[in-house]
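[1] the following block contains a protein sequence and its predicted model.
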Amino acid sequence: MKSVNSKDLQKMAVADSSPLTTHVLNTSDGVPGAKMALSLHRLDTRLMIWSMISVGTTNEDGYCPGLISREAFIPGMYKLRFETGSYWEGLGKTSFYPYVEIVFTIHNPAERFHLPLLMSSFSYSTCRGN
C-alpha cells in the first residue's frame, strides 16, 4: 500500500475544492507539460465578450489546480487558453500553434470536469474527463 505524503494530500484537497481541473501532457517527449501558462475565461452572453476568471501555470506534474471555486462555477460557456507557443519556445522548439483554446459549455456546475490537453508541437487533442 502506497503511503500518502503531505504534498499528495495538498493536491487532493485543492482538486476536491475545484470543480474544473486540467492536465497537460507533452506527447512528443512523453512528459507532463510543466510550467505552461494558461487562463480560464467565461463568455458574457449579454455583451458577447470573454471575461478572464483566472490565470495559472501548470506544475511539474502538468496539473493546474484551483482554476475556479465551486461558488464561482456557474452554467455558461467557458474557454481554457493554453500558451503552447511559449511552452515550446522554452524547450527550444517551434510550434505550429501559438496557443490552444478549448471552448466548452457547462450545464450542470454541480458535476466535476477534467479537461486534459495532449499535445505535440504540431497537434493537440482533448476530451472531457471527470
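    Here it is on my side, so go on. Numbering: from 1, shown residues only.
[2] from now on I want contacts and neighbour counts done on CA atoms only, so please keep to that.
    Will do.
[3] Tyr97: which element?
    Applying DSSP states H and E as the criterion places Tyr97 outside every helix and strand.
[4] and the pLDDT at it?
    pLDDT for Tyr97: 96.
[5] which helix or strand in the chain has the lowest average pLDDT?
    One helix or strand of the chain scores below all others by mean pLDDT, DSSP states H and E: helix 6-17, with a mean of 52.
[6] and the helix or strand just after that one, how far out from the chain middle?
    Using DSSP H and E, the helix or strand that directly follows helix 6-17 along the chain is strand 20-26. The chain centre lies 5 Å from the centre of strand 20-26; the measure is C-alpha atoms, centre = their mean, to the nearest Å.
[7] repeat that for stretch 89-106.
    Worked out by C-alpha atoms, centre = their mean, stretch 89-106 lies 11 Å from the chain centre.
[8] show residues contacting that stretch.
    74-86, 88, 121-122 (C-alpha atoms under 8 Å, 6 or more residues apart in numbering).
[9] for stretch 48-66, same thing?
    11, 14-15, 17-18, 20-25, 32-44, 67-68.
[10] could you redo the last one with a cut-off of 6 Å?
    18, 22-24, 32-43 (C-alpha atoms under 6 Å, 6 or more residues apart in numbering).
[11] may I have it as CSV, with CA atoms only?
    What follows is stretch 48-66, C-alpha atoms only, in CSV (Å, rounded to 0.1, in the frame of the first residue of the first chain):
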residue,chain,number,x,y,z
MET,A,48,-20.7,38.7,-26.2
ILE,A,49,-17.2,39.1,-24.8
TRP,A,50,-14.9,36.8,-22.8
SER,A,51,-14.1,37.7,-19.2
MET,A,52,-11.0,36.4,-17.7
ILE,A,53,-11.7,34.4,-14.5
SER,A,54,-8.2,33.2,-13.5
VAL,A,55,-4.7,32.6,-14.7
GLY,A,56,-2.3,29.9,-13.7
THR,A,57,0.7,27.8,-14.6
THR,A,58,0.9,24.0,-14.7
ASN,A,59,3.0,22.4,-12.0
GLU,A,60,5.8,19.9,-12.5
ASP,A,61,3.2,17.1,-13.0
GLY,A,62,1.4,19.2,-15.7
TYR,A,63,-1.6,20.0,-13.5
CYS,A,64,-3.0,23.4,-12.8
PRO,A,65,-5.2,23.2,-9.6
GLY,A,66,-7.5,25.8,-8.2
